[in-house]
Every structure is written in C-alpha cells, then in structure tokens.
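[1] Kindly generate the corresponding structure for this input.
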Amino acid sequence: MHKKHHKYFPLFLYFSFITICIIIYFILNMYSLKLQSKTQILLLFLLSSLFGLSISISKFEFSKKIRFLTLCIIVIITSNISNEKRITNTIIMDNGTFIAQFASTAPQPKFYEPCYVFLKKEFQWDSKHELDLLENKYDMKFQLKSTTKDKRIYYPENHINTNIYIIDPPTPSNIYGTDTFSTELVTSLEQEMLKHQKSNIQLIETDNKIILLCPSSMVQEDFAKSVHYLIKKIQKYPLLKKSKVTIYYKIQDSGTQSELQTITINNTLTFLEAKEQNRRLSLKYLKSQIYILYYQLSKDVSSNTSDVL
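    I've put the predicted structure just below:
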C-alpha cells in the first residue's frame, strides 16, 4: 500500500504546484499585481524541473498529456518574460516582452513599483516617483515647489529660485528621462564659457532651446576652442555625471542663420565607451574648425549647413 502511494507522489506534487500557481495568478490579478522578470525566470526554472519530473512518471497513460501541458505553460511564461530595467529602488521600467522588441513598432514602456520582493505594481507618475527619479539622477535632495495642470515644479535644496520639471519620462534610450535641470546647468556653463573665452558668440532661446549663435566673421579656431572648452566642462561637471547633454548652435551671416546643429555629450557611458565618445568629440572639434573655414569662404548659409558634424 505504501509503495502504491509512493509512485503517485510525483504526480500529486506536479498537480499541486500547477494548482497553487493558478490560484496565485488569479489573486495577483485581483490586486493588479504582476511578477517581476526575475520571478518569472525562477518560475520557468521550476517548471522545467517539473517537466523533467514528468518524464519519470512516463509509466502512466496520461503522462504525454502532462508533458504537453507543462511545455505549453513553459512557452507561455517564456513569451511573457518582461524586458525590465530598475531605474531606482522604487521605479521599474518595463519595455514589454523580449519578443515584442522584434516588432516593427516598439511598445511604450510602462512603469512599476516593486513590492513584496518578487512582485510589481503599475503606477502613474506622481511627485513621489518624480522626486525619486531626480534625486537618484543628480544625487541631491529636491523639494516640490508647486503643481500646475500640466506639470510639477521642483527645486534643489538651498536653490529655491531654480525651477525644474520633468519634460519626458524615462525611455529605453534615456533611462533617466528629460528634465530642465540639465538645461539650466548647461546654460550657466555656456555663460561661463562666453566670459572665459571672450568670444562673440551669443546665447539665444528658441523653441525652449538655448542656442549658441556664432557670427560667420568669427575666427574658426576661436569657435572650436570655445565649444571644446564647453564640452570639457560638461564632461567633468558633477551634477551632469548621469546626463546626456546636447549643445545647440547656429551660424549667422548678415542676419541669416544656418540650420540648427547639435553636439551630444553622453556622460552615462562606461569607461571604454567614454574613451570612444571622447575620440568622437575630438573629431567634432576638428570638424568644427574645418566647417567654419568652409563657411567663411563660401558665405552661403542656405546651401552649406546641411552636412555639419
């Protein structure tokens, strides 16, 4: 009698596990909870082990059905494993399943708050999570200043006159999102650069962008040195250590301006990537000199500004 019960034990273990998983799934749905990707991978490992266990009970006539059911569940779990990125201790960015990454249109990321170690719960952006994002990005404390219909405005501690707000939430290519703090810091560095270099470059604001406006009469080497000075300042500035910063500039000749040009400094890179990034910026430095010389010779804004950098 004992042996008879013993040979049915693997079968009992298998169905008990599946039943518990189904019950947990429905309970989680009731509370709008989901499994974190690490939990999905753990569950996948357990099911794979059970699939191996089902082979040991092949003596039963319905063992093929058991194996088929297990394989179906494994495929379902595998296809639903999320491509997650933990941004802060309270924010998980879910970029959809790994299979969805191959679709022609990438899914919009969703944001979850981790809970109970293995679970996560979707949230809508609020001041709590925005503060956590800013504090983690800049490694300093922020306070909520005011709330409007469209945005929440913050300020760094001891800098109450600085107005900062989130422009865009995090994305796979920019995990800390976009805010106005970097713009304000870069603008102050640009103003410092103008005083240090004593150049004829002007700062203008167009379409919410601060642009360096360079006269075509300016010596090409002076312009290149000014931009190079600014790049080095941005790369070494502590509060921009996790930022992707864009410098905008235009060339002006007799009141006519060139198309908007950009130089991007990515301070979120690894050491090896940063060395490569610095090499590219050095090339930009040389190109800027060549371009200004070409621009001075041609004096044709409309036709000679499309292939810059």
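
[2] check which helix or strand covers the closest residue to residue 31 other than its chain neighbours.
    Among residues not flanking residue 31 along the chain, residue 121 sits closest, at 7.9 Å (Cβ to Cβ, 6 or more residues apart in numbering). To be clear about C-beta, it is placed using only N, CA and C from the backbone, and glycine gets the same treatment. For residue 121, the host element (DSSP states H and E) is strand 119-122.

[3] got a list of contacts for that strand?
    Contact partners of strand 119-122, identified using Cβ atoms under 8 Å, 6 or more residues apart in numbering, comprise 28, 31-36, 39, 92, 94, 110-115.

[4] Mind doing that once more with 6 Å?
    Residues from elsewhere that reach strand 119-122 (Cβ atoms under 6 Å, 6 or more residues apart in numbering): 33-34, 36, 92, 110, 112-115.

[5] One more: stretch 209-218?
    187, 200-204, 223, 248-253, 295.

[6] which of those are buried?
    201, 223, 248-253, 295 (16 or more other Cβ atoms under 10 Å).

[7] now for the biggest strand by length in the chain, which elements pack on it?
    The residue-count maximum for a strand in the chain (DSSP state E) belongs to strand 244-253. Here strand 244-253 touches strand 209-215, strand 261-266, going by 3 or more Cβ pairs under 6 Å, 6 or more residues apart in numbering; DSSP states H and E.

[8] For the residue nearest to the spatial centre of the chain, which residues are in contact?
    Centre of the chain computed as the mean C-alpha position; nearest residue by Cα atoms, centre = their mean is residue 175, 1.7 Å away. Applying Cβ under 6 Å, 6+ apart to residue 175 gives the contacts residue 87.

[9] pLDDT value on it, please?
    Residue 175 is assigned a predicted lDDT (pLDDT) of 83.

[10] where does the stretch 201-309 of the chain dip in pLDDT?
    208, 217-220, 242, 268-274, 277, 285-309 (pLDDT under 70).

[11] give me the beta-bridge partners of residue 156?
    Each beta-bridge partner of residue 156 is listed here, defined by DSSP bridges: residue 142.

[12] Show me the strands in the chain, by range?
    Secondary structure of the chain (DSSP E): strands at 33-35, 82-88, 91-97, 110-115, 119-122, 142-147, 152-156, 166-168, 178-179, 202-206, 209-215, 244-253, 256-257, 261-266.

[13] And the ones you listed: which comes nearest residue 193?
    Closest to residue 193 of those is strand 209-215 (Cβ to Cβ; 8.9 Å).

[14] Pull out the buried residues from that closest one.
    So for strand 209-215, counting by 16+ other Cβ under 10 Å, buried means 210-214.

[15] And these, which is closest to residue 244?
    Of all those, residue 244 sits closest to residue 210, with 15.9 Å by Cβ to Cβ.

[16] how far away is the closest one from residue 89?
    According to Cβ to Cβ, to the nearest Å, residue 210 stands 33 Å off from residue 89.

[17] Check the spacing between the residue lying closest to residue 222 once chain neighbours are set aside and residue 245 real quick.
    For residue 222, ignoring the flanking residues on the chain, the nearest one in space by Cβ to Cβ, 6+ apart is residue 199 at 5.8 Å. Residue 199 is 20 Å from residue 245, where distance means Cβ to Cβ.

[18] Mind listing residues that contact stretch 179-193?
    The contact list for stretch 179-193, computed with Cβ under 6 Å, 6+ apart, reads 164-167, 203, 210, 226, 229-230, 233, 239, 243, 245.

[19] between those residues, which is nearest residue 148?
    The closest of the contacts of stretch 179-193, once distances to residue 148 are taken by Cβ to Cβ, is residue 165, at 8.9 Å.

[20] pLDDT score for that closest one?
    Taking residue 165 on its own, its pLDDT is 88.

[21] I'd assumed residue 151 was in contact with it.
    Yes - using Cβ atoms under 6 Å, residue 165 is in contact with residue 151, at 4.5 Å.

[22] Which of these two has more residues huddled nearby?
    More crowded of residue 165 and residue 151, by other Cβ atoms under 10 Å: residue 165, with 17 against 13.

[23] Helices of the stretch 1-150 of the chain, start to end?
    Counting by DSSP state H, counting those that start in this stretch, the segments of the stretch 1-150 of the chain that form helices are 2-7, 9-30, 37-56, 63-79, 127-138.
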